[in-house]
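*Asks:* Pasted the sequence and its predicted model underneath.
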Amino acid sequence: GCLARAENVDLELLGKMKQAGCIVPGALMAKNCSVASIEEITSHFEGESVLTADGVHEAVDSVSVRHYEGHVISILPQGNSKNLAVSATPEHPILVVRPERFLPKINRSLGMKTHRLQKYAFENATRKDWQWIPANQICPSDLLVYPVFSDVADTETVVFPRRKGAYMLGKTEIPVDRALLRLVGYYLAEGNHSGHSLSFDFGSDEEQYAHEVKSLIEAIFSPRHPVRIRPRKSTIEVSIGSTQLCEWFSQFGKNARAKHISEWVMKLPPDKQRHILETFWLGDGCEISSGYDFTTSSRNLAEGLKRMLLRLKVFPCIYWTKQNRCFIEGRKVNSGESWCLRVNGLEAKKLSKHFDNGLYLDRKQYKQMVGHRDGFILVPIRHIENWNYEGEVHNIEVKKGTPSYTAMSYLTVHNCTYISFGFESSDQGQLD
């Protein structure tokens with residue numbers, strides 16, 4: 001049960017187990033600037049890398065798949081839709097901070113209520129407080145540890161190679177500044193291309209954004225081909241014929257479902273990435289009563305936006321609709337899966353400070369949802385469920401750094417086979 005102490009695990013028995021813990025299929029894992037189900041990774045792992053507890057990408061060394069029959073533990077972190085829960089076999093180690101470890105350090109007059117202990121952990125926990133706990137001993141009061149992507153490499157300019165016979169750009173060496181990154185944000189939200197023509201499609205009430213895109217393209221590239229704005233029945237299209245621009249923007253995906261953040265952009269300093277987040281929200285976001293929504297049909301783009309928000313110390317809730325049906329001009333359209341990153345309350349207030357336009361309106365103040373620490377966040381648990389499962393289970397092995405991998409939904413797990421539970425970050429234990 002959750003009240004059991006990790007150090008009471010039968011270590012001798014566990015050490016003899018050849019396959020200690022594994023993950024049930026369907027769990028979405030964080031890869032190199034993208035996500036994939038764990039079974040997709042284990043089916044072709046060569047060349048794959050995953051996000052580890054250290055906040056960096058490390059190569060997958062090996063994988064394992066086996067048949068399992070018995071109980072599994074389903075853990076749903078706070079701020080996620082139910083279909084993003086991760087299910088693991090009982091022995092699989094999960095990275096947490098246990099709030100009760102701070103009891104000797106706080107004023108006993110504050111009492112022992114869980115929310116008070118969690119708040120103290122939000123404000124004081126360090127890597128020394130990390131513990132790997134078996135899934136079947138995770139408590140509802142435990143705080144899940146999730147890394148913030150920490151690889152930073154500033155890119156100052158990008159170069160557009162000249163193409164013979166194409167409409168030439170007046171500038172081919174472009175600074176990676178506010179203007180270019182605002183255009184990237186608009187492209188991720190509303191852009192697409194045919195290979196010869198780059199276009200952005202805005203709603204009929206978004207004329208100011210259409211004109212900003214036109215101005216940005218003209219100012220950044222000085223193109224020798226005109227940038228056109230064409231009003232449609234219910235949209236406004238901004239377009240330019242340029243093979244060079246199409247080739248460059250292809251790195252972010254050709255259409256909505258293929259959109260993603262390229263690796264060099266993912267490594268930019270957070271102060272630059274905020275410009276992408278702002279214009280993406282203007283194009284594909286909306287304001288709700290408690291904050292702001294970022295919406296996309298691409299799971300890889302949702303993962304990239306999530307990582308950029310976390311780097312700004314802003315926590316987004318993640319909602320995944322597997323089959324999204326909507327109406328466009330009276331027609332019922334099946335648009336596939338839909339992703340929503342929701343920034344609520346205090347997190348929305350923090351985000352507004354990073355936006356030039358000051359999007360935040362004063363709202364009802366909500367309690368602190370998560371703890372933002374140096375290089376990681378602490379996320380409460382929404383729900384734990386024990387259920388019976390029979391079928392394949394999967395594991396990923398990472399040898400370099402902390403041997404671990406992460407789920408998109410704020411869960412960090414260890415390689416499945418190791419000897420000791422309950423160790424801290426300074427004592428990572430031994431792999432079998």
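*Replies:* That came through, no problem. Not measured: the values here are computed from a predicted model.
*Asks:* List the buried residues for stretch 56-64?
*Replies:* 56-58, 60, 63-64 (16 or more other CB atoms under 10 Å). Backbone N, C-alpha and C define where each C-beta goes, glycine included.
*Asks:* how would you label residue 144: helix, strand or coil?
*Replies:* strand (DSSP: H, G, I helix; E, B strand; the rest coil).
*Asks:* Run a quick neighbour tally on the nearest residue to it once chain neighbours are set aside.
*Replies:* Nearest in space to residue 144, with sequence neighbours left out and distances taken as CB to CB, 6 or more residues apart in numbering, is residue 379 at 4.5 Å. Neighbourhood size, residue 379 [other CB atoms under 10 Å]: 24.
*Asks:* do the same with residue 196
*Replies:* If we define neighbours as other CB under 10 Å, then residue 196 has 12 of them.
*Asks:* need the helices for the stretch 51-200 of the chain, in chain order.
*Replies:* Ranges of helices in the stretch 51-200 of the chain, per DSSP state H, counting those that start in this stretch, are 114-124, 178-190.
*Asks:* most tightly surrounded among the ones you listed?
*Replies:* helix 178-190 (a mean of 23; mean count of other CB atoms under 10 Å).
*Asks:* mean confidence score for it?
*Replies:* For helix 178-190, mean pLDDT is 98.
*Asks:* got it, and stretch 398-406?
*Replies:* 94.
*Asks:* picking that back up, mind listing what the residue nearest to residue 144 touches?
*Replies:* By CB atoms under 8 Å, 6 or more residues apart in numbering, the contact set of residue 379 is 77-79, 143-144, 146, 315, 370, 410.
*Asks:* Check what pLDDT the closest residue to residue 147 other than its chain neighbours gets.
*Replies:* Nearest residue to residue 147 in three dimensions, chain neighbours excluded: residue 55, at 3.9 Å (CB to CB, 6+ apart). Note for residue 55: predicted pLDDT of 97.
*Asks:* and the gap between residue 55 and residue 30?
*Replies:* According to CB to CB, to the nearest Å, residue 55 and residue 30 sit 11 Å apart.
*Asks:* And residue 73, by the same measure?
*Replies:* Relative to residue 30, and taking CB to CB, residue 73 is found at 20 Å.
*Asks:* so how far is residue 218 from residue 179?
*Replies:* Distance from residue 179 to residue 218, by CB to CB: 11 Å.
*Asks:* before we move on, what about residue 146?
*Replies:* 42 Å.
*Asks:* Please identify which of the two sits among more neighbours.
*Replies:* A count of neighbours by other CB under 10 Å puts residue 146 above the other of residue 146 and residue 218, at 25 against 14.
*Asks:* Would you enumerate the residues in contact with that one?
*Replies:* Taking CB under 8 Å, 6+ apart, we find residue 146 in contact with 77, 376-379, 406, 410-412.
*Asks:* For residue 161, give me the pLDDT.
*Replies:* Residue 161 is given a pLDDT of 71.
*Asks:* Revised request: answer the last question for residue 223.
*Replies:* Reported pLDDT for residue 223: 89.
*Asks:* Mind listing the residues bridging to it?
*Replies:* Listed beta-bridge partners, residue 223: residue 169 (assigned using DSSP bridges).
*Asks:* That one contacts residue 174, doesn't it?
*Replies:* No. Counting by CB atoms under 8 Å, residue 223 stays clear of residue 174, with 11.9 Å between them.
*Asks:* Which secondary structure element of this protein has the lowest mean pLDDT?
*Replies:* One helix or strand of the chain scores below all others by mean pLDDT, DSSP states H and E: helix 11-16, with a mean of 41.
*Asks:* After it, which helix or strand is next?
*Replies:* Of the helices and strands lying after helix 11-16 in sequence (DSSP states H and E), the nearest is strand 28-30.
*Asks:* I'd guess residue 209 is in a strand, am I close?
*Replies:* No. Counting by three-state DSSP, residue 209 falls outside a strand, being helix.
*Asks:* Now do the same contact list for residue 90.
*Replies:* So residue 90 contacts 21, 70-73, 134-136 (CB under 8 Å, 6+ apart).
*Asks:* and if we set it to 6 Å?
*Replies:* Going by CB atoms under 6 Å, 6 or more residues apart in numbering, residue 90 touches 71, 73, 135-136.
*Asks:* Dump those residues to CSV, plus pLDDT.
*Replies:* Listed next are the contacts of residue 90 as CSV, based on pLDDT from 0 to 100:
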residue, pLDDT
71, 96
73, 98
135, 96
136, 95
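*Asks:* nearest to residue 159, of those residues?
*Replies:* residue 135 (48.7 Å; CB to CB).
*Asks:* just to revisit the earlier point, just put the helices of the stretch 51-200 of the chain in CSV and tack on distance to residue 399.
*Replies:* Listed next are the helices of the stretch 51-200 of the chain as CSV, based on distance: least, CB to CB, whole Å:
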stretch, distance to residue 399
helix 114-124, 30
helix 178-190, 34
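*Asks:* Looking at those helices, which is nearest to residue 214?
*Replies:* helix 178-190 (10.5 Å).
*Asks:* which residues are in contact with that closest one?
*Replies:* 174, 200-202, 213, 216, 220, 249, 252, 259, 272, 275-276, 279-280, 283-284.
*Asks:* Among these, which ones are in strands?
*Replies:* 174, 200-202 (DSSP state E).
*Asks:* In those, which residue is surrounded by the most others?
*Replies:* Most neighbours among the ones in strands among the contacts of helix 178-190, by other CB under 10 Å: residue 200, with 26 neighbours.
*Asks:* Surely that residue touches residue 240?
*Replies:* No. Judged on CB atoms under 6 Å, residue 200 makes no contact with residue 240 at a distance of 9.5 Å.
*Asks:* where does residue 354 land in three-state SS?
*Replies:* What three-state DSSP gives for residue 354 is coil.
*Asks:* correct me, but it touches residue 274?
*Replies:* Yes. Residue 354 is in contact with residue 274 according to CB under 6 Å; the separation is 4.3 Å.
*Asks:* So for those two, which sits in the more crowded spot?
*Replies:* Taking other CB under 10 Å, residue 354 and residue 274 do not tie; residue 274 has more neighbours (23 against 18).
*Asks:* Report the beta-bridge partners for residue 407.
*Replies:* residue 29, residue 411.
*Asks:* Is it in contact with residue 86, as I believe?
*Replies:* Yes. Counting by CB under 6 Å, residue 86 is a contact partner of residue 407 at 4.9 Å.
*Asks:* overlap in contacts of the two?
*Replies:* Contact criterion CB under 6 Å, 6+ apart; residues bridging residue 407 and residue 86 by contacting each: residue 27.
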